[in-house]
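Q: need the 3D shape of this:
(one chain, ligands or ions: 1)
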Amino acid sequence: MTDNMDELRARILAFREDRDWKQFHKPKDLALALGIEASELSELFLWKDESKIDAMTGKSGDVEAISDELADVLIYAILLADYFDIDLVQAASRKLEKNSKKYPVAKSKGNAKKYTEFDK
Ligand SMILES: [Mg+2]
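A: Below is the predicted model of the structure:
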(Lines give C-alpha, C1' and ligand atoms only; values in the text may rest on other atoms or scores of the structure.)
Protein backbone atom coordinates (compact mmCIF):
# COMPACT_ATOMS: atom_id res chain seq x y z
CA MET A 1 0.00 0.00 0.00
CA THR A 2 1.20 3.46 -0.82
CA ASP A 3 0.72 6.14 1.77
CA ASN A 4 2.70 9.07 0.47
CA MET A 5 3.35 10.91 -2.77
CA ASP A 6 6.98 9.79 -3.21
CA GLU A 7 6.04 6.11 -2.88
CA LEU A 8 3.09 6.54 -5.21
CA ARG A 9 5.26 8.30 -7.81
CA ALA A 10 7.85 5.50 -7.58
CA ARG A 11 5.16 2.84 -8.06
CA ILE A 12 3.70 4.65 -11.07
CA LEU A 13 7.13 5.03 -12.68
CA ALA A 14 7.94 1.35 -12.00
CA PHE A 15 4.60 0.31 -13.52
CA ARG A 16 5.47 2.33 -16.64
CA GLU A 17 9.05 1.08 -16.78
CA ASP A 18 7.93 -2.55 -16.55
CA ARG A 19 5.79 -2.00 -19.65
CA ASP A 20 8.27 0.18 -21.56
CA TRP A 21 5.63 2.89 -21.93
CA LYS A 22 7.82 5.93 -21.28
CA GLN A 23 8.37 6.17 -25.05
CA PHE A 24 4.65 7.03 -25.40
CA HIS A 25 4.48 9.48 -22.53
CA LYS A 26 5.24 12.78 -24.27
CA PRO A 27 3.93 15.87 -22.43
CA LYS A 28 1.20 16.53 -25.01
CA ASP A 29 -0.11 12.99 -24.71
CA LEU A 30 0.05 13.04 -20.92
CA ALA A 31 -1.87 16.33 -20.86
CA LEU A 32 -4.45 14.94 -23.27
CA ALA A 33 -4.78 11.74 -21.27
CA LEU A 34 -5.24 13.76 -18.07
CA GLY A 35 -8.03 15.75 -19.74
CA ILE A 36 -9.66 12.59 -21.07
CA GLU A 37 -9.62 11.03 -17.61
CA ALA A 38 -11.13 14.23 -16.18
CA SER A 39 -13.84 13.88 -18.81
CA GLU A 40 -14.44 10.26 -17.80
CA LEU A 41 -14.91 11.55 -14.25
CA SER A 42 -17.32 14.22 -15.50
CA GLU A 43 -19.25 11.62 -17.46
CA LEU A 44 -20.17 9.85 -14.22
CA PHE A 45 -22.18 12.95 -13.28
CA LEU A 46 -23.49 13.85 -16.72
CA TRP A 47 -27.27 14.34 -16.92
CA LYS A 48 -27.77 13.44 -13.27
CA ASP A 49 -29.65 15.87 -11.06
CA GLU A 50 -28.51 16.65 -7.52
CA SER A 51 -30.64 13.94 -5.94
CA LYS A 52 -29.16 11.24 -8.17
CA ILE A 53 -25.65 12.49 -7.45
CA ASP A 54 -26.39 12.57 -3.71
CA ALA A 55 -27.60 8.97 -3.98
CA MET A 56 -24.24 7.98 -5.51
CA THR A 57 -22.55 8.83 -2.20
CA GLY A 58 -23.78 5.70 -0.50
CA LYS A 59 -23.33 3.29 -3.37
CA SER A 60 -20.00 1.51 -3.29
CA GLY A 61 -20.03 0.84 -7.04
CA ASP A 62 -20.53 4.54 -7.84
CA VAL A 63 -17.93 5.63 -5.31
CA GLU A 64 -15.46 3.11 -6.72
CA ALA A 65 -16.04 4.43 -10.25
CA ILE A 66 -15.44 8.01 -9.04
CA SER A 67 -12.36 6.84 -7.13
CA ASP A 68 -10.99 5.08 -10.22
CA GLU A 69 -11.37 8.15 -12.43
CA LEU A 70 -9.89 10.47 -9.80
CA ALA A 71 -6.97 8.04 -9.53
CA ASP A 72 -6.49 8.12 -13.32
CA VAL A 73 -6.37 11.93 -13.22
CA LEU A 74 -3.84 11.85 -10.38
CA ILE A 75 -1.67 9.26 -12.11
CA TYR A 76 -1.44 11.35 -15.28
CA ALA A 77 -0.83 14.49 -13.24
CA ILE A 78 2.06 12.73 -11.50
CA LEU A 79 3.49 11.50 -14.81
CA LEU A 80 3.26 14.97 -16.37
CA ALA A 81 4.78 16.57 -13.28
CA ASP A 82 7.59 14.02 -13.40
CA TYR A 83 8.39 14.97 -17.00
CA PHE A 84 8.91 18.60 -15.97
CA ASP A 85 10.54 17.71 -12.66
CA ILE A 86 7.72 19.37 -10.73
CA ASP A 87 7.17 18.45 -7.10
CA LEU A 88 3.37 18.26 -7.04
CA VAL A 89 3.05 18.66 -3.28
CA GLN A 90 5.16 21.83 -3.40
CA ALA A 91 3.31 23.02 -6.52
CA ALA A 92 -0.09 22.53 -4.89
CA SER A 93 1.10 24.24 -1.73
CA ARG A 94 2.46 27.19 -3.72
CA LYS A 95 -0.77 27.41 -5.75
CA LEU A 96 -2.82 27.38 -2.57
CA GLU A 97 -0.77 30.35 -1.35
CA LYS A 98 -1.46 32.17 -4.63
CA ASN A 99 -5.15 31.33 -4.36
CA SER A 100 -5.35 32.60 -0.81
CA LYS A 101 -4.02 35.98 -2.02
CA LYS A 102 -6.41 35.96 -4.98
CA TYR A 103 -9.32 34.95 -2.79
CA PRO A 104 -8.94 36.65 0.59
CA VAL A 105 -11.49 35.44 3.11
CA ALA A 106 -12.88 38.96 3.51
CA LYS A 107 -13.89 39.10 -0.15
CA SER A 108 -14.66 35.48 -0.91
CA LYS A 109 -16.29 33.95 2.15
CA GLY A 110 -19.72 32.58 1.33
CA ASN A 111 -19.73 33.57 -2.33
CA ALA A 112 -18.60 31.91 -5.54
CA LYS A 113 -17.44 35.04 -7.35
CA LYS A 114 -14.32 34.87 -9.48
CA TYR A 115 -11.63 37.18 -8.11
CA THR A 116 -12.00 39.42 -11.16
CA GLU A 117 -15.59 40.14 -10.05
CA PHE A 118 -14.83 41.17 -6.46
CA ASP A 119 -14.97 44.94 -6.92
CA LYS A 120 -17.81 45.05 -9.40
MG1 LIG B 1 -10.38 6.30 -16.65
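Q: tell me which parts of the protein are close to the ion?
A: For the chain, the contact set with the ion under Cβ under 5 Å from the ion comprises E37, E40, D72. C-beta: built from backbone N, CA, C; applies to glycine.
Q: shouldn't the first one be in contact with A77?
A: No: using Cβ atoms under 8 Å, E37 is not in contact with A77; the gap is 9.3 Å.
Q: can you work out which residues contact both of these two?
A: Here E37 and A77 have no joint contacts, going by Cβ atoms under 8 Å, 6 or more residues apart in numbering.
Q: report the longest helix in the protein, please.
A: Longest helix in the chain, counting residues (DSSP state H): helix 60-83.
Q: residues making contact with that one?
A: Residues from elsewhere that reach helix 60-83, judged by Cβ under 8 Å, 6+ apart: 5, 8-9, 12-13, 16, 25, 27, 30-31, 33-34, 37-38, 40-41, 44, 56-57, 87-88, 91.
Q: in it, what's buried?
A: By neighbour count with 16 or more other Cβ atoms under 10 Å, helix 60-83 contains the buried residues 65, 69, 72-82.
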